[in-house]
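J.: Okay, sequence plus prediction incoming.
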Amino acid sequence: MHRHRQALVIVVSALLGVGVWAVVRPWLPRAELAESNFQANLIRLQTWSMEPARSNVVVGSSIAGRLLPSCFRGTPLDSMANLALDGSGPELGIRLLLGAGTVPPRVFVEVHRLGKPWHANDDTLLGVVHETGFALAGHLPALRADTRPTTLLYAWLKGRREPAGEAPTPGAAPSASARFPAADPGWQERFRGQVGELRRRGCEVVLLRLPVGRENPADPAAPGDADRLARELGVGLIDVNREAAKRGLVLAYSDGLHLAPASARAVGALFAELAARPAP
């Protein structure tokens, strides 16, 4: 076959394939999980950017990233957008929010990686939302990350492999205190400015502490850095780890740090319950 004709056949076949997939896609479920961290992040970024604005957004690391949309189904946080990105920290999510036209009424800032030094991975994710392919997926839903055939297959297989029950897997012994790890020395001043700007634009900022397995404080009830920071900034704090310990909630972790699926759903329900309480 002539080279030009062969190229034309390839292009036409690809367009037909996309067309067929665009027709079939609305009848298929959308993936919450992905086969790589990047694709999982892309799902969250596209959901936040391409769907109607949400009243609640959570920013943070892969810890909060384990709280999938299904964890909040039927709760007051049912439509929350998740900008807790794998390999990143809260600052990236805050930058995305401040760079958008409007900010949501309420933002939950996960404190686990608060102050994490900026990394090349953060630049990559920040740049993704400005790429042509990202914009194109906004106009052609069949190109979105949560509808990729390989991602849908992975999510289906992962769901079928999920165990019926989970044994507690705490990993190592909890940390001695609830203090932030060593971080970028200028992060606190930068964070204060970001929180101030969010609040100036009408956004309520709430700090969020989630269970983190081996990095949980030895005494969840003891005041820690998150309590101090919330007090200094005059913002709320939802300490899900503290409340889970108080209620005797037994949790399992996939790697000693990240919540296993059933435990993530339990933590999501508790988080939603605490978020619905009136501010003290």
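T.: Looks like it arrived, so ask away.

J.: CA atoms for contacts and neighbours, from now on please.
T.: Will do.

J.: Count the residues that sit near the residue nearest to residue 78 when sequence neighbours are not counted.
T.: Excluding the flanking residues, the one nearest residue 78 by Cα to Cα, 6 or more residues apart in numbering is residue 72, at 4.8 Å. Neighbours of residue 72 under the rule other Cα atoms under 10 Å: 21.

J.: Now do the same contact list for residue 72.
T.: 78, 79, 80, 265, 268, 269, 272 (Cα atoms under 8 Å, 6 or more residues apart in numbering).

J.: ok, now residue 186?
T.: By Cα under 8 Å, 6+ apart, residue 186 has no neighbours at all.

J.: that older thread, need the worst-confidence member of the contacts of residue 72.
T.: Lowest pLDDT among these: residue 79, with 88.

J.: List the contacts of the nearest residue to residue 70 once chain neighbours are set aside.
T.: Nearest residue to residue 70, sequence neighbours excluded (Cα to Cα, 6+ apart): residue 265, at 7.7 Å. Residues in contact with residue 265 (Cα under 8 Å, 6+ apart) are 67, 70, 71, 72.

J.: Just give me the closest of these to residue 32.
T.: residue 70 (8.2 Å; Cα to Cα).

J.: for that closest one, helix, strand, or coil?
T.: With DSSP: H, G, I helix; E, B strand; the rest coil as the basis, residue 70 sits in helix.

J.: Please, where are all the strands along the stretch 101-250 of the chain?
T.: 106-110, 204-209, 236-239 (DSSP state E, counting those that start in this stretch).

J.: For the first one, which helices and strands make contact with it?
T.: It refers to strand 106-110. Strand 106-110 is packed against strand 56-60, strand 204-209, with contacts defined by 3 or more Cα pairs under 8 Å, 6 or more residues apart in numbering; DSSP states H and E.

J.: export those strands to JSON lines and tack on mean pLDDT and distance to residue 98?
T.: As requested, the helices and strands packed on strand 106-110 are exported to JSON lines (pLDDT from 0 to 100; distance: least, Cα to Cα, whole Å):
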{"stretch": "strand 56-60", "mean pLDDT": "97", "distance to residue 98": "12"}
{"stretch": "strand 204-209", "mean pLDDT": "98", "distance to residue 98": "13"}
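
J.: Rebuild these as TSV, extending it with mean neighbour count and distance to residue 125.
T.: Formatted as TSV, the helices and strands packed on strand 106-110 follow (neighbours: other Cα atoms under 10 Å; distance: least, Cα to Cα, whole Å):
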stretch	mean neighbour count	distance to residue 125
strand 56-60	25	13
strand 204-209	22	22
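
J.: Ok, which of those comes nearest residue 88?
T.: strand 56-60 (7.3 Å).

J.: Residues in contact with that closest one: which ones?
T.: Against strand 56-60 from outside (Cα under 8 Å, 6+ apart): 64, 77, 79-85, 88-94, 104-114.

J.: so where's the protein shaky on pLDDT?
T.: 1-5, 7-28, 161-178, 181-182, 279-280 (pLDDT under 70).

J.: hey, where'd the helices end up in it?
T.: 3-24, 37-50, 62-65, 90-99, 120-128, 132-139, 149-161, 187-200, 225-233, 240-246, 261-275 (DSSP state H).

J.: picking that back up, select from the contacts of residue 265 the one having the most neighbours.
T.: residue 67 (25 neighbours).

J.: Nearest residue to it in space, please, no chain neighbours.
T.: Spatial nearest neighbour of residue 67, chain neighbours left out: residue 264 (5.8 Å); criterion: Cα to Cα, 6+ apart.

J.: List the residues that contact the one you found.
T.: Per Cα under 8 Å, 6+ apart, neighbours of residue 264: 66, 67, 71.

J.: Relative to residue 244, how far out is it?
T.: Between residue 264 and residue 244 the computed distance is 12 Å (Cα to Cα, to the nearest Å).

J.: same check, this time on residue 73
T.: 20 Å.

J.: neighbour-wise, which of those two wins?
T.: residue 244 (19 against 16).

J.: Any idea how many residues pack against residue 229?
T.: By other Cα under 10 Å, neighbour count at residue 229 equals 17.

J.: Look up how far residue 268 lies from it.
T.: 23 Å.

J.: For residue 209, see how far away residue 133 is.
T.: Distance, residue 133 to residue 209, by Cα to Cα: 34 Å.
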